[in-house]
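Below are the sequence and a predicted model for it; my questions follow.
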Amino acid sequence: MRIRSLSILSAVAAATLLLAGCSGSTAPDSTSTPSAEASVDLCSAAAASGEASDSVTVDGGFGEVSTATFELNQTFDAIQRTVVTEGDGDAIADGDYVRYALSAFDATTGERLGDAGYAEDDMLPNPVAADSALGQILGCATIGTRLAVALPGSDSSNPAFYIVDVLGVTPLAAWGEDQPAVEGMPEVTLADDGQPSVTLPDTDAPTDLKISVLKEGDGPAVTAGDTTLLQYYGVSWNTGESFDSSWKNGAPISIDGNTYVEGFIQALEGQKVGSQILVVIPPALGYGEGEINDSDLTGQTLVFVIDILANQKAVTQ
């Protein structure tokens, strides 16, 4: 069995991993973001090793589905974390969006619960902070590190062992190759951190959907029903003002199934991870036609700059 997505953050808080979606933020107006003022650094936040996590024997190469051997019915009341192999990459830092893979096992029965994160578009990266549950598991591990983690059980689940491979850190701005500008489209300028600003042309707003690729990435392509981790910057063509921005809100976002307005969805589909997309959305494909209304964007032509940071494929039955 393959776990399509897992949220370690929710899991540890409940003393178990839940088979549920994971994301950075979940709504355009979300302000949920890793703490920039954590009271404890990541190294200090890491859970201590213990007899249970130390006892796990792991077979399989780093970045591949692994097998864990351990004594059944061990008891442990707190999270335990043992470094199986230490990677030679950079140490992860507070606020990083970390890509990881894991194999999960029931500590009571020995049953394999599932595997996740081994394919490039299998699971979204998660933000790590010293004051978060994921910080306890990963600590300040270096890229390439493999961990054996023991998680206590709960009233509804057995304790579990997880083999966690720290694969990398996802950039928070598009990194693809620059593409030629398209005549007639708004002009986009990037700050040093990748945050965009938009200058509108002195013309009437287009009446059809317009999409151009500003940077072309080399990752997997977004398909219908996927869940994409992205940054966005939105501007109203009618007012010339930015009405919303993940950059301003403090964190990239993801919404299960990419259930945005139709023009936004069309701009995402077919684009590759690492790309930056510029899209102009007429009212019919945005928030609807009608009298212009600043409170709900009705009647407005919208401009979005979208950075595609990661993508998780939709579950197929």
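Yes, it's here.

residues in contact with stretch 147-157?
For stretch 147-157, the external contacting residues (Cβ atoms under 8 Å, 6 or more residues apart in numbering) are 11-12, 14-17, 47, 50, 52-54, 56, 58, 68, 74, 76-84, 107-108, 137-138, 141, 159-166. To be clear about C-beta, it is placed using only N, CA and C from the backbone, and glycine gets the same treatment.

which parts of that stretch are buried?
Residues of stretch 147-157 classed as buried by neighbour count (16 or more other Cβ atoms under 10 Å): 147-153, 157.

Just the terminal-to-terminal distance for that stretch.
In stretch 147-157, first residue to last residue: 22 Å (Cα to Cα, to the nearest Å).

Tell me where the stretch 151-300 of the chain has strands.
Along the stretch 151-300 of the chain, the stretches classed as strands by DSSP state E, counting those that start in this stretch are 160-170, 177-178, 187-190, 196-199, 210-216, 227-236, 242-245, 276-281.

elements contacting the shortest one?
To tie it back to what came earlier, the one meant is strand 177-178. Applying 3 or more Cβ pairs under 8 Å, 6 or more residues apart in numbering; DSSP states H and E, one finds that strand 177-178 makes contact with strand 210-216.

mean confidence score for stretch 180-192?
The average pLDDT within stretch 180-192 is 96.

for the strands of the stretch 151-300 of the chain, which one sits closest to Ala130?
strand 160-170 (15.6 Å; Cβ to Cβ).

what angle do the closest one and strand 227-236 make?
Compare the direction of strand 160-170 with that of strand 227-236 by axes from the mean of the first three to the mean of the last three Cα atoms, to 10 degrees and you get 40 degrees.

Strand 160-170: partners in the sheet, and parallel or antiparallel?
Each strand paired with strand 160-170, and its direction, by DSSP bridges: strand 97-106 (antiparallel), strand 146-151 (antiparallel).
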